[in-house]
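# return atomic coordinates for the entry below.
(6 chains)
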6 protein chains.
Amino acid sequence: MKHTDAAAADIRSLKIQGANAIAKAALRALAADLEEDGAADVQALAGVLAAARPNEPMLRNLLEAFCAGDSRAAGGPEALAELLLARVELEERAIAEAGAGLLRQGMAVFTHCHSSTVVAILLEAHRRGVRFRVFNTETRPRYQGRITAAELAAAGVEVVHMVDSAAKVALDGADLFLFGADAVLASGYLINKVGTGIFSVVANRYDVPTYCATHTLKVVRDRADEDVEQRDPAEVWPDAPGGVLVLNPAFDKVHLKYVTAFITERGLLKDILSSPPWPG
Amino acid sequence: MKHTDAAAADIRSLKIQGANAIAKAALRALAADLEEDGAADVQALAGVLAAARPNEPMLRNLLEAFCAGDSRAAGGPEALAELLLARVELEERAIAEAGAGLLRQGMAVFTHCHSSTVVAILLEAHRRGVRFRVFNTETRPRYQGRITAAELAAAGVEVVHMVDSAAKVALDGADLFLFGADAVLASGYLINKVGTGIFSVVANRYDVPTYCATHTLKVVRDRADEDVEQRDPAEVWPDAPGGVLVLNPAFDKVHLKYVTAFITERGLLKDILSSPPWPG
Amino acid sequence: MKHTDAAAADIRSLKIQGANAIAKAALRALAADLEEDGAADVQALAGVLAAARPNEPMLRNLLEAFCAGDSRAAGGPEALAELLLARVELEERAIAEAGAGLLRQGMAVFTHCHSSTVVAILLEAHRRGVRFRVFNTETRPRYQGRITAAELAAAGVEVVHMVDSAAKVALDGADLFLFGADAVLASGYLINKVGTGIFSVVANRYDVPTYCATHTLKVVRDRADEDVEQRDPAEVWPDAPGGVLVLNPAFDKVHLKYVTAFITERGLLKDILSSPPWPG
Amino acid sequence: MKHTDAAAADIRSLKIQGANAIAKAALRALAADLEEDGAADVQALAGVLAAARPNEPMLRNLLEAFCAGDSRAAGGPEALAELLLARVELEERAIAEAGAGLLRQGMAVFTHCHSSTVVAILLEAHRRGVRFRVFNTETRPRYQGRITAAELAAAGVEVVHMVDSAAKVALDGADLFLFGADAVLASGYLINKVGTGIFSVVANRYDVPTYCATHTLKVVRDRADEDVEQRDPAEVWPDAPGGVLVLNPAFDKVHLKYVTAFITERGLLKDILSSPPWPG
Amino acid sequence: MKHTDAAAADIRSLKIQGANAIAKAALRALAADLEEDGAADVQALAGVLAAARPNEPMLRNLLEAFCAGDSRAAGGPEALAELLLARVELEERAIAEAGAGLLRQGMAVFTHCHSSTVVAILLEAHRRGVRFRVFNTETRPRYQGRITAAELAAAGVEVVHMVDSAAKVALDGADLFLFGADAVLASGYLINKVGTGIFSVVANRYDVPTYCATHTLKVVRDRADEDVEQRDPAEVWPDAPGGVLVLNPAFDKVHLKYVTAFITERGLLKDILSSPPWPG
Amino acid sequence: MKHTDAAAADIRSLKIQGANAIAKAALRALAADLEEDGAADVQALAGVLAAARPNEPMLRNLLEAFCAGDSRAAGGPEALAELLLARVELEERAIAEAGAGLLRQGMAVFTHCHSSTVVAILLEAHRRGVRFRVFNTETRPRYQGRITAAELAAAGVEVVHMVDSAAKVALDGADLFLFGADAVLASGYLINKVGTGIFSVVANRYDVPTYCATHTLKVVRDRADEDVEQRDPAEVWPDAPGGVLVLNPAFDKVHLKYVTAFITERGLLKDILSSPPWPG
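Just a heads-up that it's a prediction; the model follows:
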């Protein structure tokens, strides 16, 4: 089907990136095809889209919710897609509100990499008048931490920025460690940007409350685990001499015991694995 | 006195750098002034040199050994200086030999930053025919890890290189964590490149034997502690936006309990603080 | 409004103390004013009462429940207040029942300070015929542990009493560590009598199950944290010599990871932060 | 009553063994007596059966569910008994399905002793086409681990078998530690085969996700604790010389903090103690 | 022999107290008897004195050194006794010097109870011009911490004083934990004031360097262990109600792994158990 | 050379076993050949013997000491060999004496497998009148723990014996964990019977002092590590079904941080790696 195939191609080629953007494009393509051909095999189309990016739980979970939904009651496939997407957007806002409640005057917050959910939480808390200090890492090799630092500083949040390996200085007195997630796995781990693992061990070592901000659509229910993607070594060292093997893992697997609680659209959840599948 | 003043100026201005180069320049300048003026106040001159770089224990300990030495018996101040420097050089070689004995076929060794002592150990083991794999970090912000990787790879050692925050992947199965030291403090810490602290916590968490390779001249006996130097923020983020405070600490303080043993010119020492002052 | 103002004054001046007594006085004052003036601004009055003791979550949560309640359906403001208070009282009893189920013949239970909830649990278990031994600390500087010891001994419970710093002797073989809470914070901590923090670290070190007995009204949902009150230094050392600064913190902040489960009116809860706001 | 008395005798004499077999026999005997005498005291009969094996929570919880059930609506006592038993059987299957979702291609799974629930999980995952490796212990003194190894190998699962004390070799790189439970106690422990305790400490030490597969009927709600049964010393050393006291404890008590999550008929539960009594 | 018997009686009756005072009185009495009767059985007399206070390693080790000494060469028994005592006094001073080297400007030092060795270290560091802050506990039940606080404050040292159970507040950011010892046991423990155990666990939890200041005469070489003395319960709670058993242990046993290094007359020693018997 | 070749053959074929028996046979063969042919190449002969059992540090270290010795001064090669062997025997006795000093009335001692050094320590302490209780494991698959139990019980020592996996019950309140060593490696591990690793982790978890009794001849100085021998699977499960891979590792590698101190012929040593090569 043409919408589905086009969207799947764009997702495969990384033309469309980011959990939310991918989910949005996929759902709309699926709906468009169904609008055009009411007899189309929705499960097959959803399978094509899910396969375009195998390690994207939000995509798969949303497709599953769409297939399980009642498009007639919603007013047609496109209306159903928009309904689901609007709900997710509202719920992202709810995460920001729930997370903002954790911040208070004078706190030192440590974060790593760039997570739009984490930034939304911090900005919401700042908007409420809470004044705190964020310690953030540059996040090699692609410096996404600089995006975090710039977005927060632009809004007037106090930011202290450092190289990744200097994190102990900041963690060893922090009041909060806050990060996002790419996926939460039933097998006892979450997946997030490489570095999250080492910082979680250290935060736990020094009793720093550790919160993972994530929509429950990131929970992987139908599969046990995901492989960790290796990215282009040239991102790390463009002209590495011969004989040096450069590894560039994108993610860490973090044992769930290191997480104090998850900040979700359903509020704070310690026990995210037993939370029912979305939309619940 | 002219030699001493010149050397002190060069040390202060960072024209002379590195624990060994500084020690060599200082000792030779001091000896030259004493050769020219036998009545010069050796303690005062040594004080000038020591003050040129307050956090350099090898410098201070060598100056102290020079002052306590018998220059007449040695054949004059310059002969004494050369005697001491030759001894240190021989002992650096002894550290490499002692450390090389820790490596064996098939081991995975983790190291951070660049330490000429660590490189000498690894090259000596490789020269003996032991084949192992070194995991090393790039060591932001100045990428000294690349020097380590290049030196080892040039000699045919297998090197796996990665960003600092990916270290958990490598540490979580390593047979050895090996690093150098800028200073060992009687107050229960050692000082080394920032990142050593976080990696030591993680190595200990997963039972990786952790060795610090250092000459005992790096032990600080007459002072309790050293301040951690903050370097130029532009090394981390040259064009950081306004409102972002960039910290650039050069060193970590690492609790001595994390060190399995020190590799020294006297062999392996667990209890380096009770080892007698050099030359012993 | 006169009832509200009088109650707020008594709460501020510490004439009324204790989470339950404060809540009772505040709710009744608020209801009395509303009975007299049906047009009174209930939110404003509640705000005055809440501000009289900022760190009292039960007070604030009960006021909020009152404001959200339907006083007409209840038969008027006073009837609503009494309804809510009666429910809390019943639920305190439910906590005692739930907690008593944790005790068994021959157990060694460690507790600190005085918590009426903890005492109620222990007395209920004793009433059921379970015979156990309680180790309790004196709880300097005000010796509230003596109240606990006396109340339990009077009921025939076997009590072993000791100074606070001797706790390791008792904890290092205890079957249960049981304490109350002043507040449970969404930011990952609970607040309880100073000493709870150190004992929780040690209980966890030696695998002693650690239960916090508390009504869910103690959960702070609308604020991230509370400042730790410093009390009069003279309680610690009445005639301290000049030059000695005496600190007298009333509370410890305890990381939630140290709590095996909370004993609440809803039964045992590990994940108290995700429990819905009272009355649920 | 004759059915109840006969079943109780068989349970006491160990003629009937295993949580499921005991529960089945007891419920059917109770129902048979009630069919024959509609006026029989169901509570008294249930008490006789429960007392036949004091440390069998599934037995007691099922009897309680039977007593609380509406046998008239079900079509008589026997129909009610069969209804409950059929439900448990279906739910055992649900546990296998939920657990199978945790396995993935290439995983290393560690297990101890023999648990039919654990074997069902592993076989279900294998049936789904997931290929993994199971490390299992022989489980002295009765070698139940050999049953596990044989059952899995017969189905084509890759099994690596070893003595109990060699477990560190397998645990120190495992992706999953999976075991069953005899009971889960509200006082903060679970009860399982001796050895589970030591392996849980080590699994936690090295961050191995640790899952306990159990029906929620194993949760003990009405009593705090259970005594650990001591079995016949001759099982360990048949001809032990005089002067050697041989201990043969059947079970370990394992602190709940060591469990990542429980695999239950209700899905994954971290907070099993707050799950409502069966059938919920 | 009259001097020995009199001294032994005074030691037994606690008329003479403190490791140093006891050692002094015993050695002088023994020497006086030997002066009067050159044929006296020195081993027997030493045995009488050692038995007067069984848990006093300095007493026993000094008596042993006296018996092994050459009193003729020293100029008679009394001269030998004075020689040994003078040496110990000099060495106590050496401990103060060695320990003072650990303090630096701005440090936060935590200490518990009163140890004259610890106070001497802190005063020596202060005398050298180092300015630091001491956090100290009151040390129930006999408030020896007040002696420490008063002595330090009188000398101008900044002191922050608190109840024992508030120690986490101070330890959780301290640069140094410093305490004395009553005995160091070959079986892997040291003995010191009750509370040292719990504070050592917490200091280690948060990576606070932990130093025990003690003369090597406190090492017990000929016996494995000591019983912990229970003192008068009335010290804790003079009018405890019937049914409350008050425990009043004087000491804690602290695992040697918690000690970063011992500050001794021989300098810093990690491995005090392998240090040769005094006088070495 | 005939003596050397014969001894090497017997060692290779396991006809001669045990560190002491092997060392004795090798040294005597080497000496015999040298007596017969004064011009024989002692280094070459020693190399043949050392190669007969590569993982036997006592053998290699003794051969090295023999080669470095002055056989002329000793009265010929055989006299030198006997001198060295007699010294080792005396020193084994010294280990027993040093170790016995750690035991005291009423202690609970945990040990694993059979070590003649450990048994000698326990028997010496018992001979001195100290009464303690030994908890020991059967040590699958070859039940060497039964030898330990029988030897101790025969001498009147109280022994409690159990399966390996029940060790937590005994370790979790033990005063001492005592075991021997096959080798101590400069790379930060010791090698001992499989099971030592898991018990060391648990002993450390619960603060049980952990002592390794070994002659310093077991320290490997010229090589970094040893491979762990895999023994015959039939020892574990003689008739294992097809498809079950049975592993039978003989040894564990134990991180040196878990050892409180080594009991050696030189007394207690924490820092065994820095002890000079034998004979010192």
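# what about the closest residue to chain B within the stretch 1-150 of chain A, which SS state?
The minimum distance from the stretch 1-150 of chain A to chain B, using C-beta to the nearest C-beta, falls at residue A:140 (4.1 Å). In this view, the C-beta of every residue, glycine as well, is placed from N, C-alpha and C. With DSSP: H, G, I helix; E, B strand; the rest coil as the basis, residue A:140 sits in coil.
# return the residues in contact with it.
A:163-164, A:236, B:138, B:140, B:163-165 (C-beta atoms under 8 Å, 6 or more residues apart in numbering or on different chains).
# who wins on neighbours among these?
Ranked by neighbour count under the definition other C-beta atoms under 10 Å in any protein chain shown, the contacts of residue A:140 are headed by residue B:165 with 31 neighbours.
# backbone dihedrals for the closest residue to that residue other than its chain neighbours, both of them.
Nearest in space to residue B:165, with sequence neighbours left out and distances taken as C-beta to C-beta, 6 or more residues apart in numbering or on different chains, is residue A:195 at 3.0 Å. Residue A:195 adopts backbone torsions of phi 110, psi -30, taken as degrees, to the nearest 10.
# is residue A:204 in contact with residue A:210, as I believe?
Yes - applying C-beta atoms under 8 Å, one finds residue A:204 in contact with residue A:210, separated by 6.8 Å.
# nearest to chain E: which residue in the stretch 51-200 of chain A?
For the stretch 51-200 of chain A, C-beta to the nearest C-beta, closest residue to chain E: residue A:173, 7.6 Å.
# residue A:159 belongs to a strand, doesn't it?
Yes - applying three-state DSSP, one finds residue A:159 inside a strand.
# distance-wise, check it relative to residue A:109.
Per C-beta to C-beta, to the nearest Å, residue A:159 is found 10 Å from residue A:109.
# what residues are shared contacts of the two?
Overlap of the contact sets of residue A:159 and residue A:109 (by C-beta under 8 Å, 6+ apart) consists of A:133-134.
# joint contacts of residue A:204 and residue A:210?
In contact with both residue A:204 and residue A:210: residue A:258, using C-beta under 8 Å, 6+ apart.
# how far does stretch A:169-182 sit from the chain's center?
16 Å (C-alpha atoms, centre = their mean, to the nearest Å).
# ends of it, how far apart?
Using C-alpha to C-alpha, to the nearest Å, the end-to-end distance of stretch A:169-182 comes to 26 Å.
# repeat that for stretch A:9-17.
Stretch A:9-17: ends 12 Å apart by C-alpha to C-alpha.
# and if you look at stretch A:203-221?
28 Å.
# tell me where the stretch 101-250 of chain A has helices.
For the stretch 101-250 of chain A, applying DSSP state H, counting those that start in this stretch gives helices covering A:116-127, A:144-154, A:167-171, A:196-205.
# would the last one count as contacting chain B?
This means helix A:196-205. Yes - using C-beta under 8 Å from any C-beta of the partner chain, helix A:196-205 comes into contact with chain B via A:197-199, A:201-202, A:205.
# and the strands in chain A?
A:108-111, A:133-137, A:158-162, A:176-179, A:183-185, A:189-193, A:210-213, A:219-220, A:244-246, A:251-255, A:261-264, A:267-269 (DSSP state E).
# to residue B:86, which of those strands lies closest?
strand A:244-246 (34.9 Å; C-beta to C-beta).
# for that closest one, what does the pLDDT average out to?
Model confidence over strand A:244-246, given as mean pLDDT, is 97.
# which strands and helices sit next to the helix ranked longest in chain A?
Scanning chain A for the longest helix, with DSSP state H as the assignment, gives helix A:77-100. If you count contacts as 3 or more C-beta pairs under 8 Å, 6 or more residues apart in numbering or on different chains; DSSP states H and E, helix A:77-100 packs onto helix A:19-36, helix A:57-68, helix A:71-74, helix A:116-127, strand A:210-213, strand A:261-264.
# with mean neighbour count, distance to chain F and mean pLDDT added, can I get these in JSON lines?
Below are the helices and strands packed on helix A:77-100 laid out as JSON lines (neighbours: other C-beta atoms under 10 Å in any protein chain shown; distance: least, C-beta to the nearest C-beta, whole Å; pLDDT from 0 to 100):
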{"stretch": "helix A:19-36", "mean neighbour count": "21", "distance to chain F": "39", "mean pLDDT": "95"}
{"stretch": "helix A:57-68", "mean neighbour count": "22", "distance to chain F": "35", "mean pLDDT": "95"}
{"stretch": "helix A:71-74", "mean neighbour count": "14", "distance to chain F": "50", "mean pLDDT": "91"}
{"stretch": "helix A:116-127", "mean neighbour count": "21", "distance to chain F": "35", "mean pLDDT": "97"}
{"stretch": "strand A:210-213", "mean neighbour count": "26", "distance to chain F": "23", "mean pLDDT": "98"}
{"stretch": "strand A:261-264", "mean neighbour count": "27", "distance to chain F": "26", "mean pLDDT": "96"}
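# dump those into CSV; add distance to chain B as well.
Formatted as CSV, these follow (distance: least, C-beta to the nearest C-beta, whole Å):
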stretch, distance to chain B
helix A:19-36, 21
helix A:57-68, 22
helix A:71-74, 44
helix A:116-127, 12
strand A:210-213, 15
strand A:261-264, 21
